[in-house]
Structure formats: C-alpha cells, structure tokens
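>>> Here's a sequence, model it:
(chains A and B)
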Amino acid sequence: MKQVGIPHGLFYYYYYPLWKTFFTDLGANVISSSESNRLTLDQGIKLAVDETCLPIKVYFGHVQELCQQDLDYIFIPRLVSVEPKSYICPKFMGVPDMIRAAFDNLPLLIDITIDVSKSDRPLKRDIMRVGSLFTKDNSRINRAYTHACQENRFCRLLAREGYTMAEAISLWEGQPVKNPASGDLNIGVLGHGYSLYDSYISMNLIERLRKMGCNVFLPETLDTGSIEQQAATVPKRVFWTLGRKMVGSALYMDKRPDIDGIIYLACFGCGPDSLIGEIIEHKVENKSFMMLTIDEHSGEGGLVTRLEAFCDMLRRRRMLGEGNLPAYG
Amino acid sequence: MKVTFPHMGNAHIPIKALLKGLKLEVVPPPPISKRTMELGVKYSPEFACLPLKVNMGNFIEAIEAGADTIVMAGGWGPCRFGYYAQVERDILNNLNYDFRMVILEAPDSRLSDLLKQLKSLGENVSVWEAWKAIKFAWYKLDAVETLEKQFEYCLPRAIDKDAVERIFDEGLENIDRADRREEVSDYTNICLKKMQEQPCHNQPILRIGLVGEIYTILEPATNYDVARYMGRLGAEVTRSIYMSEWVNDHLLGGWIKKSRHAEIINCASPYLNYWVGGHGRETVGFTVNFARKQYDGVVQIGPLTCMPEIVAQSVLGKVSEREGIPCMTMYFDEHSGQTGIYTRLEAFIDMLQRKSYLQSSVSQEQPISAGI
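Sure, this is the predicted structure:
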C-alpha cells in the first residue's frame, strides 16, 4: 500500500476531507503530520526564508516532520485559484517550488496545480494525472473524486453548525468534539482559516474566547449568499478568495444586530491582510473592531490581555446602555 | 482639470509627454523627498508595502500643488498592486481632499481597452492627436532609456563620477523639457557624446545584475539609489526591468519589438515553474540568465513583505548554488538609514572583487593547490 503524506497546514483546514477521501479511495494510506506545535514552528523557521509569513513557516515544519517518515509521496498542491477570477495568494502559487528549494530529503512530490480561474479543464487533467499514480482505472479516479467532493461538502455542513473547521474535521474523522458552551457575548472572528483554526498559530484564540463567555461566529457559520452579497458592495471586486470572504463576512456581521464585536486575526507580513484589514476597518461602522497581528513571537500574555479588555469593554458598553456613553468613547 | 500621477523613476518624463499630448494640464508630484515619505507613512496602512506609501505621499503633495485629478493604474492580482488605487482613494477621501481618481485597469495585453480609457481622459482630443501623443511619449521613453543604459555603462568606468552624474541628470532634464522629436534626439545625442568622452580608468569592472520588483528597481528613492551606489563602487549594473520592455510585454503584447520575456520565463524552470504574480518568476529567470551570461553577482531588491519576491527569494538560494552565482536580497521599507544598506553593498562587492581577482590570478599562475 502506498503511503501519502499530507502536511497539516495551509489549506488542510479547508480541503483535508477531500484529499484524504480521494487518496484513500484510490487505495493509498494517508498520513498527516501532527498538529502544529513548538517543534513544527522551530523547524519551519530554520528552513524557510525569514520574510515568509507564519503559516508558511509552520507548513515547512510540517513537511519536515513528514520527511522523517517513510513515505512514497508527499502531497503539496499548488493552489492558484479555487474559483473563477480569484486568487489565493502568490506564496501559495509558489509553495511546491519553495519546498523543493529548501529540502534535500523529500519523498516524491505530488504537486497538482489547482487553477480554475479560467476553466476547470486543466484541473480535471491534473486529477487524472495524480490518480494514475495509484490506479490505471479512470472511472475509479472519477468516482473517488466525486466521493471526495461529497465528503468535503459534508464537512463544511458540520462547520455550519458552529464548529471551527478544525473541529469539523475531527468530527468528520469520528473523534468526539465538545459542544461549544454558550456565552453572553456574540463575537465575530475573522481570519485566514490556516491561521485561525490552527490552535498553535492563533494561540488558541477561539477556545480562549469561548472560555471568556463568548459565542464565536466564524465565516463558515454564516450564510454564503449573504457574504457574497455584502462583498459585492465594495467598489472593486476583491480578487483574493479569502480576502473577499473576510470583507463580505465583516460587512454582514456589521449589519447583524445580534453581533457585539468583530475580531480580525492577521499574520504579520501577509500581503492581502495588509489591505483587507484596512478596508474592513474603514467599512465596519456599527461594531467594535479589533485587529490582532501575530508572528512567531510566542508570548501569549499580550494577546490574552487584549482579548480580555475587548470583552470587558463590550460588556460594560452593554451594561451602561449606548445612550449613557460619553461622547469620547 | 489638472492631472497628476504617481512617480516611478524617470517614468514621469514620458507620462508627462503623453498627458500633455492629450491636451491636459499636468501637475507632476514634487520629487520624492523625506516629506513625501513621512506623509505616505503617516496615512497608509501600517503593513502595506512601500510603493503604496510613496504613492500616497506623491498624491498628497500633488494635490497640495493644485492637482485635482489622479491617474492611477489598477490590475487584477494576485499582487497587492491591483488594489492600491481603491485603498488610496478611500484614504484620501477620508482626509477630505477634493479630487477625482481615474483608474486605468491595465488589462493584460489588451491595448484597445487602455486606449479607450486614455481617450476618455482627453475629451477634446481627436484619435489622431491621441495617437501622436502616445508615439511621442514612447519616443521620449526610448530616449530616457538610451541615456540610462549609457549611464550604467559609463559610471563605473569614469574617473570623475560626479561629472557623469551631472551630465546624465542634465540630459534627462533637457529631454523632459523638449517639445519636439528633433529636440529630444538632439539632446539625447549630445548627452550620449558627453558621457562617452569622459576619461575612463582601466581597472577591471564587475558586472552585477539587479533583479526584483518593478517599482523598487525603477524608483531610486525607494532603494536608496543602490544602482548608482554600486556604479560608483566600480560595478556595472544591468537592470532586469526597463520600462519600455514592460510596456511592450504587458500592454502591447510584444508588438513593438521582439520580446525576450519567453526566454526569461524558460530560464526560471525548473526552479520556479509557475507564475507567482508581480515579477517573481522574472526575478528567478533573470538571475539564471545573468548567471549564464557570466555575471559576477546578482542583487535582488523589493519592498518588505512583497509576496512574489519572497517566493523568488526562497528559490534563489538553490539557483545560486546550482548556477554558481552569488546572490544577495535586500528589502526596503520606510526605514531611512542608508549606512546599513551601503555597508552591505560594499561588503558584497568586495567579496565579488576578491573572488574575481582570485579566479584570474589562479588561471594565470598555473599550479592550483587545494584550499585557496
């Protein structure tokens, strides 16, 4: 049985069920690296160029972990675009090449190019090419891909119930997940999935908020139609898939009366975030908004203090009633 | 209507000619100064890349100087530049400036769209006059680049480097002022001749390739003029990007002259096999190309957090190792201390000079012992 390694980073949180089902259906054994931890980051920092963003460094760490295992293939997709006329980020487009340049002991790389910006034909061809590594039966590859897409949709449906994508993936794999307890504050949390749902990168942001008595609203739990509708209100369509989702979600949350505040988690050095954060900050008018920027700095105290202050402020504001607030804040 | 545009190196000369040809009143932003940077940094998003901040400074200073219409380019990603104009407009609006912004959404290789957008700017201009304006601007651009190339060649070789710089700057100014084709070509020839007549030394010259992000390469104010500095240290610098090539490749689809774009892209493989936005793949391709042309070294420059350049930088280590060319990467932000940058450049050039000296002496004196 062939062993395929999938690094536990970047778009893992959006597409792992798809990838895993696809390779398992083709008769391969899928091994994913462990959840991000101190060691992952340390190794990533050593291997990656200083200027790359934190999620990429962590991804390098995951690849390093997989390199130490006995694998036939390692799956590192080149994610160019997952929907028409939008991109993910230039770094995602170069990830397989960056990995190749940084590692000497790599197993064979499966670097499928996922680019549906113009048409989905090249993607279909690439899927066949990848599938043919495992089987010669074309209809089996097609079946595996259809099944994989179904599983991924199912996982997204789980996330709609209020779970984070990381929890939804655990549920999908059949592991028990605690039902999030309900709190008194409703907070919208935005950010790229690969930093937000990775509890090491985000310093456990979501769990911390829940412990502080907040109900966390994530882009995945909102209605996609409303997000798109709000995203279309900015003068120029945002050409980053995740960026557009963030702008849409922020504007949608801004208009929803039940949400008390919005937190945006950005990575230091993230290109799209540097502009998207600015746009959101300008456009969010009715809610309190806080932007958190993270890098490989691992002191949690600052983050906790800011979260506590944010929650305290929202609670005080509600207690006093908006009408009693002084004009200066 | 008083039109302004962002600075990008000497591009203001042809752009001014173009807009003037469209019968518009042009107010170019004042040259980029410390104040420009301060204004830009103050009002731009903290983590935006440097070109956006410089643009902001340019726009504010130009509006102060009386401009009321801003012409800015757009794009459709994945590089951040495509969204610059939107963010800049929002910020300027919030600062309560009164202006109109015309965004030329640069379509990839679709000249007709661009012409239409340009035409809408110059309302009372006939198609023929617009065409003449474009041709004249192209002519000026060509003249500017001829001078730039000669300057890059002469500066490291000249004994009196200040004199060469003076001649070059004067030549640019004359071209900028010229209103007719004949004047432009006269001034160009005079300037070329003066530069060639400068006395030269006959010490060995290093050849260095300058690769990276287009704005940082073209605008000396954002890179502390590293090209001139290296020239003064005795290195002939060849840039990877010239404005005319970019216009030819991206706006005209290689229509005016033969493009070497495809060849460069081929060079990037197998190191970087996909387009990564901006000039990432070109950076890698040119580095390989410079290595194969026996250049002594390559310097990569870009604004801090530039995404395509980070991808390129990640693979440059491998390129350097396999193709045998020393590479150095420098990122620039609003930090204004020159000394650190110049020290690094000096060290890099010292290292290259030593390397080429050792190589030449080894090849002359036959016995090669191990461990030199």
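>>> Excluding chain neighbours, give the residue nearest to the residue nearest to the spatial centre of chain A in space.
Taking C-alpha atoms, centre = their mean as the criterion, A:G193 is the residue nearest the geometric centre of chain A, at 1.6 Å. Closest residue to A:G193 in three dimensions, ignoring its sequence neighbours and counting by C-beta to C-beta, 6 or more residues apart in numbering or on different chains: A:Y13, at 4.4 Å. Where you see a C-beta, it was placed from the backbone N, CA and C, and this is true even at glycine.
>>> Check whether that neighbour really touches A:D198, as I assumed.
Yes: the criterion here is C-beta atoms under 8 Å, and A:Y13 meets it with A:D198 at 7.2 Å.
>>> shared neighbours of these two, anything?
Jointly contacting A:Y13 and A:D198 under the rule C-beta atoms under 8 Å, 6 or more residues apart in numbering or on different chains are A:A166.
>>> For the lowest-mean-pLDDT helix or strand in chain B, name the packing helices and strands.
Using mean pLDDT, DSSP states H and E, helix B:111-121 stands out as the lowest-scoring helix or strand of chain B, at a mean of 71. Contacting helix B:111-121 under the criterion 3 or more C-beta pairs under 8 Å, 6 or more residues apart in numbering or on different chains; DSSP states H and E are the following elements: strand B:100-104, helix B:127-157.
>>> So which of the ones you listed is the most surrounded?
helix B:127-157 (a mean of 19; mean count of other C-beta atoms under 10 Å in any protein chain shown).
>>> What are the contacting residues of the helix or strand just after that helix?
From helix B:127-157 onward toward the C-terminus, using DSSP states H and E, the following helix or strand is helix B:161-177. Helix B:161-177 is contacted by residues B:10, B:12-13, B:16, B:140, B:143-144, B:147, B:151, B:154-155, B:158, B:184, B:187-188, B:190-191, B:194-195, B:198, B:228, B:231-232 when judged by C-beta under 8 Å, 6+ apart.
>>> I'd like the next helix or strand past helix B:161-177.
Taking DSSP H and E, what comes next after helix B:161-177 is helix B:181-197.
>>> Extract the C-alpha trace of that next one and format it as CSV.
Once non-C-alpha atoms are left out, helix B:181-197 reads as follows in CSV (Å, rounded to 0.1, in the frame of the first residue of the first chain):
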residue,chain,number,x,y,z
ARG,B,181,11.1,64.9,-31.6
GLU,B,182,14.1,66.6,-33.1
GLU,B,183,14.9,68.4,-29.9
VAL,B,184,14.7,65.1,-28.0
SER,B,185,17.0,63.3,-30.3
ASP,B,186,19.5,66.2,-30.3
TYR,B,187,19.6,66.4,-26.5
THR,B,188,20.0,62.6,-26.3
ASN,B,189,22.9,62.6,-28.8
ILE,B,190,24.7,65.5,-27.0
CYS,B,191,24.3,63.8,-23.7
LEU,B,192,25.5,60.4,-25.0
LYS,B,193,28.5,62.0,-26.6
LYS,B,194,29.4,63.9,-23.5
MET,B,195,29.2,60.7,-21.4
GLN,B,196,31.4,58.8,-23.8
GLU,B,197,34.0,61.5,-23.8
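>>> list the buried ones in it?
Along helix B:181-197, the positions that meet the burial threshold by neighbour count (16 or more other C-beta atoms under 10 Å in any protein chain shown) are B:V184, B:S185, B:Y187, B:T188, B:C191, B:L192, B:K194, B:M195.
>>> And stretch A:153-171, by the same measure?
Using 16+ other C-beta under 10 Å as the burial criterion, the residues of stretch A:153-171 that qualify are A:155-156, A:158-159, A:162-169, A:171.
>>> okay, and for the stretch 151-300 of chain B, where does confidence drop off?
When the per-residue scores of the stretch 151-300 of chain B are filtered using pLDDT under 70, the ranges that remain are B:253-254.
>>> Tell me which residue in it sits closest to chain A.
The nearest approach of the stretch 151-300 of chain B to chain A comes at B:G277, 4.0 Å away (C-beta to the nearest C-beta).
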